[in-house]
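*Asks:* Need coordinates for the following:
(2 chains)
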Amino acid sequence: MNAARQNRFNTVAAHGALILYTLIALFPVFVIVINSFKTRKAIFREPLALPNADSFSLIGYETVLKQGDFFLYFQNSMIVTVGSLFLILLFGAMAAFALAEYRFKGNLVMGLYLALGIMIPIRIGTVAILEMMVQTGLVNTLWALILVYTAQGLPLAVFILSEFMRQVSDDLKNAGRIDGLSEYRIFFRLVLPLVRPAMATVAVFNMIPIWNDLWFPLILAPAEEVKTLTLGSQVFIGQFVTDWNAVLSALSLAILPVMALYVIFSRQLIRGITSGAVK
Amino acid sequence: MPDTQTKPKFRWHIVVFLAPAVLVYTAVMIYPLFNTLRLSLFTVIDQERVFVGLQNFRTLFGETVWSTQFWNALGNNFWFFVVHMLVQNPIGVALAAILSHPKLRFASFYRSAIFIPTILSFVIVGFAWKLILSPIWGIAPGMLDAVGLKSLYAPWLGKEAYALTALSLVSVWQFVGIPMMLIYAALLSIPDEILEAAEVEGITGFASFWKIKLPLILPSIGIISILTFVANFNAFDLIYAAQGALAGPDFSTDILGTFMYRTFFGFQLQLGDPHMGSTIASAMFAIILVGVCLYLFGIQSRMRRYQF
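*Replies:* Numbering: from 1, shown residues only, chains lettered A, B, ... in the order given. Take a look at the predicted model:
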């Protein structure tokens, strides 16, 4: 067989397979979003048709915005995600710096201790976490969630960040020391700016699981004022199961912020994964 | 650098750098983990916490009411894991192999698009598929009808025989992006010289994948397998979002996560029991630990790694 022809055949087959899988991946999202803009009748009569002048309707969105407190949920999710990411990055970078920079007794043990949490899921300890949050009065506060997600994110953050911090040149730090900078200044002024790309990777890795988590909001913060968007949409959809317009609109609204984050950060995310951060 | 002459000054800054992370991690993760293991040895009698030794484990494995539920959840969880290993990871590897082809156009578009389901929450994924597979809406039967296979349609999520497999496949659909990305990264890190050398020897296309690339990415496949294992054995959200805490129909989609949630939190008329919940959590901990150890000592240490 002609090599060139076989090559072209391979290319077509490759694109065929990828397009097929891309369709499988996007189809459900597409169906949900287009149907959220249709009247109830049109949703059932022609589920795969795009909304047109006849079938266009925003009734579902009206119900959602009237009945559910989605702005509050969104705000809660934002606070929890940003707060946890901030603490993961700050505490994680500090610990990573200590482990990467200084030789002291127990360095290796401390590193292994912090790495334990990479493999063991924090959910196993839920019973005792809830008990502790009840005792400290943190139950039904956003702090409970922020603390749990910080603890959950720290092991991997320390692991990745310390790998990167070992690569920061010693000359630079020693120059800083000769100039009389304190260790804290060396960390905040010299090292942190240099590992910014690694921090972004850690942030992106942690962001999506925190934003999407259902387990801990359900158990630690189910009250109305502290519901996250994920839990809020779960509860809302459960109540409006038969109101298809409302359910589809709620789903679309829940997809929206994640998609926006993804579009902003996808390059960082993919670079993070493919840069071998998780070897 | 030995500084033995004067007693070295205690370096407080190391403590300051380590303290916040170690404190939060210890207080919110490690301590509760061991406290949960400890709580599994207690029960409540007359509103007082009493130490009962391994009694809870005897109940869990010995009393039919509990043990049938536990083995059912464990069996389902294994099937959930098997489906991921047999479907998700091969598809992920295949997609990555196609994507890593150097002259492929639009690769970054495909990559981003295929990763989208992974970023959606379980709530969205669970409900979206529930609606699509629902017999009321008729998208799934309608599409099967279009290709003349309508007779194959069944309300999968509502049938005991199919519900678990259907949900496992939904989960596969959601997470296929992760093995794809990790394998893709591993494939990109294979140096061109090796592939070129193979090409000179006449090994190209499929042969080059099976004989050269696959052996080189085996460590990554190992990592993906253990990540899948840990994620599957503490899964909860998708089942809860799609089928509720009762993991219906008739517990056919019950996995360890939902079983623990029901036990610990209570549902309908049954009251929550934190001690039995801890007992189940301890069993999950043991299962995950065994899996991770098997991987670390049985597989990873024997795997040949190549340094480029």
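
*Asks:* To what extent is residue 235 buried, counted in neighbours?
*Replies:* All of this refers to chain A. Look at A:Val235: counted by other C-beta atoms under 10 Å in any protein chain shown, it has 17 neighbours. Any C-beta I mention is one placed from the backbone N, CA and C, and that applies to glycine too.

*Asks:* Actually, chain B is the one I wanted.
*Replies:* Neighbour count for B:Ala235, taken as other C-beta under 10 Å: 25.

*Asks:* Not counting sequence-adjacent ones, nearest residue to it?
*Replies:* B:Gly257 (5.3 Å; C-beta to C-beta, 6 or more residues apart in numbering or on different chains).

*Asks:* got a list of what the one you found touches?
*Replies:* By C-beta atoms under 8 Å, 6 or more residues apart in numbering or on different chains, the contact set of B:Gly257 is A:Arg123, A:Trp215, B:Asn234, B:Ala235, B:Phe236, B:Ile239, B:Tyr240, B:Met284.

*Asks:* Let's see the pLDDT reported for A:Arg5.
*Replies:* The score at A:Arg5 is 69. That number is its pLDDT.

*Asks:* same question, the one 3 residues further on
*Replies:* pLDDT recorded at A:Arg8 is 79.

*Asks:* just to revisit the earlier point, most surrounded residue in the contacts of B:Gly257?
*Replies:* The most neighbours of any of the contacts of B:Gly257, using other C-beta under 10 Å, belong to B:Ile239, which has 28 neighbours.

*Asks:* before we move on, the earlier item: with the contacts of B:Gly257 in mind, which one is nearest to B:Arg11?
*Replies:* A:Arg123 (36.4 Å; C-beta to C-beta).

*Asks:* my guess is that closest one meets B:Asp237, correct?
*Replies:* No - applying C-beta atoms under 8 Å, one finds A:Arg123 not in contact with B:Asp237, separated by 10.3 Å.

*Asks:* Common neighbours of these two, please.
*Replies:* Both A:Arg123 and B:Asp237 are in contact with A:Trp215, where contact means C-beta under 8 Å, 6+ apart.

*Asks:* What residues sit buried inside stretch A:183-203?
*Replies:* For stretch A:183-203, burial by neighbour count (16 or more other C-beta atoms under 10 Å in any protein chain shown) applies to A:183, A:186-187, A:190-192, A:195, A:198-203.

*Asks:* Output those residues as a markdown table; include the columns distance to A:Gly153 and secondary structure.
*Replies:* A markdown table is the format used below for the buried residues of stretch A:183-203 (distance: C-beta to C-beta, whole Å; DSSP: H, G, I helix; E, B strand; the rest coil):
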| residue | distance to A:Gly153 | secondary structure |
| --- | --- | --- |
| A:Glu183 | 25 | helix |
| A:Ile186 | 25 | helix |
| A:Phe187 | 20 | helix |
| A:Leu190 | 25 | helix |
| A:Val191 | 20 | helix |
| A:Leu192 | 18 | helix |
| A:Val195 | 16 | coil |
| A:Ala198 | 14 | helix |
| A:Met199 | 12 | helix |
| A:Ala200 | 14 | helix |
| A:Thr201 | 12 | helix |
| A:Val202 | 8 | helix |
| A:Ala203 | 9 | helix |
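
*Asks:* Would you mind marking which of those residues are also close to chain B?
*Replies:* Among those, the ones lying near chain B by C-beta under 8 Å from any C-beta of the partner chain are A:Glu183, A:Phe187.

*Asks:* Can you name the next helix or strand after the helix or strand where the residue nearest to B:Ala235 lies?
*Replies:* Under the criterion of DSSP states H and E, B:Gly257 resides in helix B:256-265. Using DSSP H and E, the helix or strand that follows helix B:256-265 in sequence is strand B:266-267.

*Asks:* Does that next one reach chain A?
*Replies:* No - figure legend: strand B:266-267 not in contact with chain A (C-beta under 8 Å from any C-beta); closest approach 11.8 Å.

*Asks:* how much space between A:Phe91 and chain B?
*Replies:* Counting by C-beta to the nearest C-beta, to the nearest Å, the gap from A:Phe91 to chain B is 4 Å.

*Asks:* got the contact list for that residue?
*Replies:* A:Phe91 is in contact with A:Thr150, A:Leu154, B:Pro20, B:Ala21, B:Val24, counting by C-beta under 8 Å, 6+ apart.

*Asks:* and the one helix or strand it maps to, which residues are buried?
*Replies:* Taking DSSP H and E as the criterion, A:Phe91 maps to helix A:70-101. For helix A:70-101, a neighbour-count test (16+ other C-beta under 10 Å) marks A:70, A:73-74, A:76-77, A:79-81, A:83-85, A:87-101 as buried.

*Asks:* For the helix or strand containing B:Phe127, list the C-alpha coordinates in CSV.
*Replies:* Using DSSP H and E, B:Phe127 sits within helix B:122-133. The C-alpha trace of helix B:122-133 is given here as CSV (Å, rounded to 0.1, in the frame of the first residue of the first chain):
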residue,chain,number,x,y,z
PHE,B,122,-21.4,15.3,40.3
VAL,B,123,-24.7,17.1,40.8
ILE,B,124,-24.8,18.4,37.2
VAL,B,125,-23.5,15.1,35.8
GLY,B,126,-25.9,12.9,37.8
PHE,B,127,-29.0,14.9,37.0
ALA,B,128,-28.1,15.5,33.4
TRP,B,129,-27.7,11.8,32.7
LYS,B,130,-30.7,11.0,34.8
LEU,B,131,-32.7,13.3,32.5
ILE,B,132,-31.2,12.0,29.3
LEU,B,133,-31.7,8.4,30.2
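
*Asks:* after it comes which helix or strand?
*Replies:* Using DSSP H and E, the helix or strand that directly follows helix B:122-133 along the chain is helix B:139-146.

*Asks:* Residues contacting that next one, please?
*Replies:* Helix B:139-146 has contacts (C-beta under 8 Å, 6+ apart) with A:Val31, A:Pro47, A:Leu48, B:Leu131, B:Ile132, B:Leu133, B:Ser134, B:Pro135, B:Lys150, B:Leu152, B:Tyr153.

*Asks:* what residues are up against A:Ala17?
*Replies:* B:Ala94, B:Leu95, B:Ile98.

*Asks:* Filter those to keep only those in contact with chain A.
*Replies:* Contacts with chain A within the contacts of A:Ala17, counted by C-beta under 8 Å from any C-beta: B:Ala94, B:Leu95, B:Ile98.

*Asks:* Just want the most central residue of chain A.
*Replies:* Centroid-nearest residue in chain A: A:Ile208, 1.3 Å away (criterion: C-alpha atoms, centre = their mean).

*Asks:* what's the burial count for the residue lying closest to that residue once chain neighbours are set aside?
*Replies:* What sits nearest to A:Ile208 in space, not counting adjacent residues and going by C-beta to C-beta, 6+ apart, is B:Ile119, at 5.2 Å. By the criterion of other C-beta under 10 Å, B:Ile119 has 22 neighbours.

*Asks:* The helix-or-strand element of chain A with minimal mean pLDDT and chain B, are they touching?
*Replies:* In chain A, no helix or strand scores lower on mean pLDDT, DSSP states H and E than helix A:244-274, which sits at a mean of 82. Yes - using C-beta under 8 Å from any C-beta, helix A:244-274 comes into contact with chain B via A:244, A:247-248, A:251, A:254-255, A:258-259, A:261-262, A:266, A:269-270, A:273-274.
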